[in-house]
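Novice: All I have is the shape, not the residue letters:
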DNA sequence: TCAAGATCGTTCGGGACCAAACTATCTGCG
DNA sequence: CGCAGATAGTTTGGTCCCGAACGATCTTGA
């Protein structure tokens, strides 16, 4: 089946092609697989869980953050969701037009905007999140159960290190 | 500093908000931190390494795959890069217009298109990749060195599990 | 041999995505 | 008080991103 490489084939081709260069191959393996895993998991969840509700990944994450924090300022949503404020602005407009959340201009500080889920938004998240969590369980099913917290911690370390 | 939560604060808020629901919190922590880490690392690398060459993340990954495999069929680039063939088609057009790669229609099979870097494309990757690898080392610097292969392996498991 | 079906890449429409420019608001210092 | 600078969110312009529809090409089986 030409055009289909296994992960092993790919990594061995990489090693061959880059032999002799002064590179950190272990760091490379971690980041390469980090992006592959995140991408594969995201695509999987978009297809299986989010598509039914006609939600994009980012739309879901934004709803999720606002749901968890009850009410949230846009800059904090942007930070949690990992998108720029420009992107968030557009996504909020989309979600607001679908009646899932509401913007409220800050009263003390007129520059701020806070976001709150509507009843429909809360209902959606309440029904959707357990399904989302099933998908989370699904994509982690190949890992040793007791190893899970250590992996989560390692990923937190990467996040920290990438923040400067 | 309102509007800024630490990772710990966020996870504790999540635990509180979802208390009582029947959820797999450990799987949740792994996937949530997986996306955070991938996002943070990607943003970091886009800003520090890729921006100089005016490359997007996906553009770089596409060049990378074609570089590693010398010559590659589009469907295999799409698969390795983790994008749809529709997306790839547009990205190839962009990169081709900048003279970094060339499309060639398959000779045996007229449906196929293979991609090959131009001299300029190869030069770019040769100069860029060592810098990219430095950034890979940077974002993994918080991890125990001997632990690296195990983390890469865990991420491979997630990728596998997400592929169905 | 040749039509039905599979497979490949492109196009289309609509949303996501970012940096930079912009508007509105607040803060602080003279 | 008043204005210079900081800060917040939105708009703009260009690319990425996907599913679905499409045209072109190959394969297969009667």
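Specialist: Looks like it came in fine. Small disclaimer: the values here were computed from a predicted structure and weren't measured.

Novice: C-alpha only now, for contacts and for neighbours.
Specialist: Noted.

Novice: Which residue ranges of chain A form helices?
Specialist: Using DSSP state H, the helices of chain A run over A:7-17, A:25-45, A:57-68, A:74-81, A:85-97, A:119-139, A:148-162.

Novice: which of the ones you listed is buried the deepest?
Specialist: helix A:25-45 (a mean of 22; mean count of other CA atoms under 10 Å in any protein chain shown).

Novice: want to throw the helices of chain A into TSV with mean pLDDT and distance to DNA strand D?
Specialist: Below are the helices of chain A laid out as TSV (pLDDT from 0 to 100; distance: least, CA to the nearest atom of the strand, whole Å):
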stretch	mean pLDDT	distance to DNA strand D
helix A:7-17	79	18
helix A:25-45	93	7
helix A:57-68	94	10
helix A:74-81	91	4
helix A:85-97	96	4
helix A:119-139	94	16
helix A:148-162	94	19
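
Novice: how about these in CSV, adding distance to residue B:92?
Specialist: Below are these laid out as CSV (distance: least, CA to CA, whole Å):
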stretch, distance to residue B:92
helix A:7-17, 21
helix A:25-45, 20
helix A:57-68, 24
helix A:74-81, 29
helix A:85-97, 24
helix A:119-139, 31
helix A:148-162, 29
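
Novice: got JSON lines for those, with distance to DNA strand C too?
Specialist: Shown next, in JSON lines, are the helices of chain A (distance: least, CA to the nearest atom of the strand, whole Å):
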{"stretch": "helix A:7-17", "distance to DNA strand C": "18"}
{"stretch": "helix A:25-45", "distance to DNA strand C": "11"}
{"stretch": "helix A:57-68", "distance to DNA strand C": "4"}
{"stretch": "helix A:74-81", "distance to DNA strand C": "8"}
{"stretch": "helix A:85-97", "distance to DNA strand C": "4"}
{"stretch": "helix A:119-139", "distance to DNA strand C": "14"}
{"stretch": "helix A:148-162", "distance to DNA strand C": "14"}
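
Novice: Any chance of CSV for the ones you listed, columns distance to chain B?
Specialist: Formatted as CSV, the helices of chain A follow (distance: least, CA to the nearest CA, whole Å):
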stretch, distance to chain B
helix A:7-17, 6
helix A:25-45, 4
helix A:57-68, 6
helix A:74-81, 5
helix A:85-97, 13
helix A:119-139, 5
helix A:148-162, 4
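
Novice: Quick one, which of the ones you listed gets closest to residue B:113.
Specialist: helix A:7-17 (20.1 Å; CA to CA).

Novice: Quick check: end-to-end length of stretch A:135-154?
Specialist: Using CA to CA, to the nearest Å, the end-to-end distance of stretch A:135-154 comes to 21 Å.

Novice: Is it correct that residue A:125 is in contact with residue A:64?
Specialist: Yes: counting by CA atoms under 8 Å, residue A:125 touches residue A:64, with 7.2 Å between them.

Novice: and the residue of chain A positioned farthest from its centre, backbone torsions?
Specialist: Distance from the C-alpha centroid of chain A, by CA atoms, centre = their mean, peaks at residue A:20 (35.9 Å). In terms of degrees, to the nearest 10, the main-chain angles of residue A:20 are phi 90, psi -20.

Novice: Check what pLDDT it gets.
Specialist: Residue A:20 is assigned a predicted lDDT (pLDDT) of 82.

Novice: Likewise for residue A:1?
Specialist: For residue A:1, the pLDDT comes out at 31.

Novice: picking up where we left off before, wait, which of the helices of chain A is closest to residue B:115?
Specialist: helix A:7-17 (17.0 Å).

Novice: Who are the packing partners of that closest one?
Specialist: Using 3 or more CA pairs under 8 Å, 6 or more residues apart in numbering or on different chains; DSSP states H and E, the elements in contact with helix A:7-17 are helix B:57-68.

Novice: ok, residues contacting the helix it packs on?
Specialist: A:13-14, A:17, B:42, B:46, B:50, B:72, B:77-78, B:80-81, B:91, B:95, B:101, B:115-117, B:121-122, B:125 (CA atoms under 8 Å, 6 or more residues apart in numbering or on different chains).

Novice: redo that, cut-off 7 Å
Specialist: The contact list for helix B:57-68 (CA atoms under 7 Å, 6 or more residues apart in numbering or on different chains) reads A:14, A:17, B:46, B:72, B:77, B:81, B:91, B:115-117, B:122.

Novice: Same check on stretch A:20-31?
Specialist: B:130, B:133, B:136-137, B:140, B:148-149, B:151-152.

Novice: Show me which pair in those residues is furthest apart.
Specialist: Farthest pair in these, by CA to CA: B:130 and B:151, 22.1 Å.

Novice: thinking again about what came up before, let's have the contacts of stretch A:20-31 in TSV, adding distance to residue A:110.
Specialist: Listed next are these as TSV, based on distance: CA to CA, whole Å:
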residue	distance to residue A:110
B:130	47
B:133	44
B:136	41
B:137	43
B:140	41
B:148	48
B:149	50
B:151	46
B:152	47
